[in-house]
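Q: just coords:
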């Protein structure tokens, strides 16, 4: 079933017009008086309210991502001024902190459908879509040899040089999406080095960088070029997140050509939200970020194993994949519940897709919430395993556990069982989404196929 679910296109995710018929509104508002969290009476929510809150959550998530990226840049600046092991550790801690809000913001991807047919040049600046922008910020897997070739070369290491090299071979024309030269994973590689140990992070030493003072005399050494690469990549990350945060700021809601304005005025916004929940749950989390690295039984041939690959681990250099995948899942929950917890503990909360669905069909609302709740239990096991002080278990160790089951199927650890169960729970989200599409169609909305779950 695992393979068949992933092979199926999600061709019926809905695109719901902002203005709907009176009969449809009556059906939506008659189905429930309860909110998402309890049984107390709650006012019915409108689609425009759901869209407004979604924009507020996007702005909060990107604002927090920018704040933590600026803190990372500050830590990198301190480290490059004095490249000590203590300062390198502090920069790594700042990298980890930056993963929490950014991974939640990834639910905002998959917006090409609502952005691609809209004039997003009216504001004169900013990205054309989250999906188009994201490749410069969080692309992976990453072939570290491309970064090494830049450091070991003699070309200028500037923001534009890294942008120009991103996704290309050294000839500058041949595409290679593994040649990632920008974004968080390039920074991760510079802070940790390659992960040659299948059961631990990379182990880059502080003396592989030179101080600002030393590099003022000779910037051509490998150590100085490494320092320059780390500095430029971090500065570029801050620039990119500054641009994206501005696209969702309160002022952007009234500015034609911004992503916030486009989202609020799109008749495909609800379909986009549904698509995002399905794609992050199924194609990304269940598929690319959890299952891809594991040794797994082949669904059509249960006696066979699909070989795993440690390179498919998301944050493989730092061994922080448990953080990355868990907060991706939190982003899914945020989209469903209409809530986001900011870095300072404040909550952004308002009308949610979950409430809107519940007004249409409480049974489908319960089905989707149940699947997400089940997956939440398993994802928390994986996160807690990577965070515990005694005998932590990182995702590359879980991949190793899956390899061990090739010889002994009884050797499964609790963490491997949790990952495999989460994969199954998340894959089931697609089936619920297809039923949700049917329900919206019966309510009088026009379905519009908007892509696959990857």
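A: Now that the structure is in, tell me what you want to look at. Only a predicted model underlies this, so the values are computations on that prediction, with no experimental measurement involved.

Q: just so I have it, where are all the strands in this protein?
A: 296-297, 305-306, 339-341, 347-349 (DSSP state E).

Q: So which elements touch the second one?
A: With contacts defined as 3 or more Cβ pairs under 8 Å, 6 or more residues apart in numbering; DSSP states H and E, the secondary structure elements packing on strand 305-306 are strand 296-297. Placement of C-beta: from N, CA and C, glycine included.

Q: So which elements touch the strand it packs on?
A: Partner elements for strand 296-297 (3+ Cβ pairs under 8 Å, 6+ apart): strand 305-306.

Q: Nearest the geometric middle of this protein, what residue?
A: Closest residue to the average C-alpha location of the chain: residue 106 at 3.5 Å, with Cα atoms, centre = their mean.

Q: isn't it right next to residue 331, touching?
A: Yes: between residue 106 and residue 331 a contact is recorded at 5.8 Å, counting by Cβ atoms under 8 Å.

Q: what's the overlap in contacts for the two?
A: Counting by Cβ atoms under 8 Å, 6 or more residues apart in numbering, the common neighbours of residue 106 and residue 331 are residue 280.

Q: From residue 276, how far off is the residue nearest to the centre of the chain?
A: Distance of residue 106 to residue 276, computed by Cβ to Cβ, to the nearest Å: 9 Å.

Q: One more: residue 255?
A: Counting by Cβ to Cβ, the gap from residue 255 to residue 276 is 23 Å.

Q: What of residue 210?
A: Residue 210 is 43 Å from residue 276, by Cβ to Cβ.

Q: Residue 273: neighbouring residues, count only.
A: Neighbour count of residue 273, defined by other Cβ atoms under 10 Å: 26.

Q: mind listing what it touches?
A: Residue 273 neighbours (Cβ under 8 Å, 6+ apart): 50, 54, 335, 353.

Q: Count the neighbours of residue 196 for me.
A: For residue 196, using other Cβ under 10 Å, the count is 9.

Q: repeat for residue 375
A: 25.

Q: again with the one 4 residues further on
A: By the criterion of other Cβ under 10 Å, residue 379 has 28 neighbours.

Q: just use 26 as the starting number from now, easier for me
A: I'll keep to 26 as the first residue from here, and by that count the last item is residue 404.

Q: show me the contacts for the residue nearest to it when sequence neighbours are not counted.
A: Leaving out its chain neighbours, the residue that sits closest to residue 404 by Cβ to Cβ, 6 or more residues apart in numbering is residue 354, at 4.7 Å. Neighbour list for residue 354: 305, 310, 400, 401, 404 [criterion: Cβ under 8 Å, 6+ apart].

Q: who touches the residue lying closest to residue 262 once chain neighbours are set aside in this structure?
A: Among residues not flanking residue 262 along the chain, residue 94 sits closest, at 5.2 Å (Cβ to Cβ, 6+ apart). By Cβ under 8 Å, 6+ apart, the residues touching residue 94 are 123, 127, 259, 262, 263, 266.

Q: at 7 Å what do you get?
A: By Cβ atoms under 7 Å, 6 or more residues apart in numbering, the residues touching residue 94 are 123, 262, 263, 266.

Q: Emit the ChimeraX select command for whichever of these are buried.
A: Per 16 or more other Cβ atoms under 10 Å, the buried members of the contacts of residue 94 correspond to this ChimeraX selection:
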select :123,262,266
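
Q: what's the most distant pair in the contacts of residue 94?
A: 123 and 263 (10.4 Å; Cβ to Cβ).

Q: what separates the residue nearest to residue 366 when sequence neighbours are not counted from residue 398, distance-wise?
A: Among residues not flanking residue 366 along the chain, residue 372 sits closest, at 5.7 Å (Cβ to Cβ, 6+ apart). Noted for residue 372: a distance of 19 Å to residue 398, by Cβ to Cβ.
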